[in-house]
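*Asks:* My questions are about this predicted structure, shown below with the sequence.
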Amino acid sequence: MSSAAVLGAGSWGTTFAKVLIDAGTDATLWARREHLAQEIRATRQNADYLPGVTLPPALQVTSSAADALAGADIVAMAVPSQQLRSNLAAWAPLIPPDAVIVSLMKGIELGSAKRMSEVIQEVLGVDPGRIAVVSGPNLAGEIARGQPTATVIGCTDDATARIVQEACGTPYFRPYTNDDVVGCELGGAVKNVIALACGMAHGMGLGDNTLASLITRGLTETARLALALGADPATLSGLAGLGDLVATCASPLSRNRTFGARLGRGETLAQAQEHARGQIAEGVSSCTSVLDLAARHGVDVPITQAVHRVCHEGMSARDMVHQLMTRAMKSE
């Protein structure tokens with residue numbers, strides 16, 4: 001039986017730890033705050049992030065990274081993407097040398113424009129074949145309640161992918177393997193930016209035609225960028241691409257869509273962040289890093305650029321829509 005450590009007790013980290021337990025894998029959840037770890041141990045609930053969900057008695061919870069990582073065969077990381085590098089520096093001496101590293105994060109690092117697996121490889125110095133990424137339509141609240149979903153385990157090494165697949169497969173959580181790590185990660189990162197745009201449209205009262213157009217054109221620019229980085233186009237039409245994009249753009253459970261809706265209703269970035277109450281909309285940072293990555297590869301990403309202008313340059317959501325709709329005409 002595998003033993004796993006999940007580092008990060010937000011909604012997705014807590015949910016993935018529950019999935020591991022339900023799959024028969026021993027799992028320990030690391031929470032940064034001791035009082036949260038104590039609360040979860042005492043109540044078997046993470047009321048801050050997953051209210052109403054009872055966590056399995058077998059799930060161990062600690063605020064000690066050393067205790068969580070001791071003897072772990074699988075180390076899954078679920079911290080905000082922009083905090084990964086600093087956290088890794090602290091965890092590196094504690095991570096077992098042969099452990100499989102799993103990224104649950106969906107973002108691109110600011111400044112370096114690196115994907116999360118690239119940051120892990122750079123900081124830990126591990127072989128890329130030991131790093132797996134999880135991507136797909138993974139709305140934590142639904143999965144934590146046992147609602148069926150499928151996901152993708154992206155890894156360049158099939159044996160490693162299968163280790164993770166077996167460790168987290170349950171009757172309600174069906175993992176597929178895929179060796180296209182680039183496509184899986186870019187699909188997961190860019191969809192957060194597109195979801196912000198869809199949320200803005202929803203907040204302005206726009207309808208399903210607008211939503212469908214943004215999702216479809218968002219998939220197109222995601223695919224352009226992914227292909228420029230060597231991804232397989234089939235990945236973007238699968239769970240890690242279209243599947244994740246649809247779920248994140250259309251569901252009110254999506255943090256990025258909800259955040260975007262507040263911007264669409266006229267709230268400032270600061271006001272929307274205040275209402276988020278500690279829940280991070282990764283697309284707010286990712287729109288900058290994705291735009292940077294696209295510029296480095298000469299790829300046109302108009303929706304990402306428009307979202308960046310709303311989040312960081314003072315453009316209104318209404319002007320964003322006008323800008324996108326008045327671009328030069330061209331063939332699809």
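*Replies:* Arrived safely. For clarity, every value in this text was computed on a predicted model and none was experimentally measured.
*Asks:* C-alpha only now, for contacts and for neighbours.
*Replies:* OK.
*Asks:* Dihedrals phi and psi, the most centrally placed residue in the chain?
*Replies:* With distances taken as Cα atoms, centre = their mean, the residue of the chain nearest its centroid is Lys106 (3.0 Å). Dihedral angles of Lys106 (phi, psi; degrees, to the nearest 10) stand at phi -130, psi 90.
*Asks:* in the stretch 1-150 of the chain, which spans are helices?
*Replies:* 11-22, 34-43, 65-69, 84-91, 116-124, 140-144 (DSSP state H, counting those that start in this stretch).
*Asks:* would you turn those into CSV with mean neighbour count, mean pLDDT and distance to Pro57?
*Replies:* Below are the helices of the stretch 1-150 of the chain laid out as CSV (neighbours: other Cα atoms under 10 Å; pLDDT from 0 to 100; distance: least, Cα to Cα, whole Å):
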stretch, mean neighbour count, mean pLDDT, distance to Pro57
helix 11-22, 25, 98, 9
helix 34-43, 16, 97, 9
helix 65-69, 19, 98, 16
helix 84-91, 14, 96, 26
helix 116-124, 19, 98, 31
helix 140-144, 20, 97, 15
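*Asks:* Could I get these in TSV, plus columns for distance to Ala99?
*Replies:* Listed next are the helices of the stretch 1-150 of the chain as TSV, based on distance: least, Cα to Cα, whole Å:
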stretch	distance to Ala99
helix 11-22	16
helix 34-43	24
helix 65-69	10
helix 84-91	13
helix 116-124	11
helix 140-144	25
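*Asks:* Out of these, the one nearest Pro233 is which?
*Replies:* Each of the helices of the stretch 1-150 of the chain has some distance to Pro233 by Cα to Cα; the shortest is helix 116-124, at 19.5 Å.
*Asks:* counting contacts, what elements does that closest one pack onto?
*Replies:* Other elements packing on helix 116-124 under the criterion 3 or more Cα pairs under 8 Å, 6 or more residues apart in numbering; DSSP states H and E are helix 84-91, strand 131-135.
*Asks:* about what we covered before: skip the chain neighbours and tell me the closest residue to the residue nearest to the centre of the chain.
*Replies:* Nearest residue to Lys106, sequence neighbours excluded (Cα to Cα, 6 or more residues apart in numbering): Ala189, at 4.7 Å.
*Asks:* Please tell me how far that neighbour sits from Ala195.
*Replies:* 10 Å (Cα to Cα, to the nearest Å).
*Asks:* more crowded one of the two?
*Replies:* With neighbours defined as other Cα atoms under 10 Å, Ala189 and Ala195 compare such that Ala195 has more, 33 against 29.
*Asks:* Sticking with the more buried one, tell me its helix or strand.
*Replies:* Using DSSP states H and E, Ala195 falls within helix 181-203.
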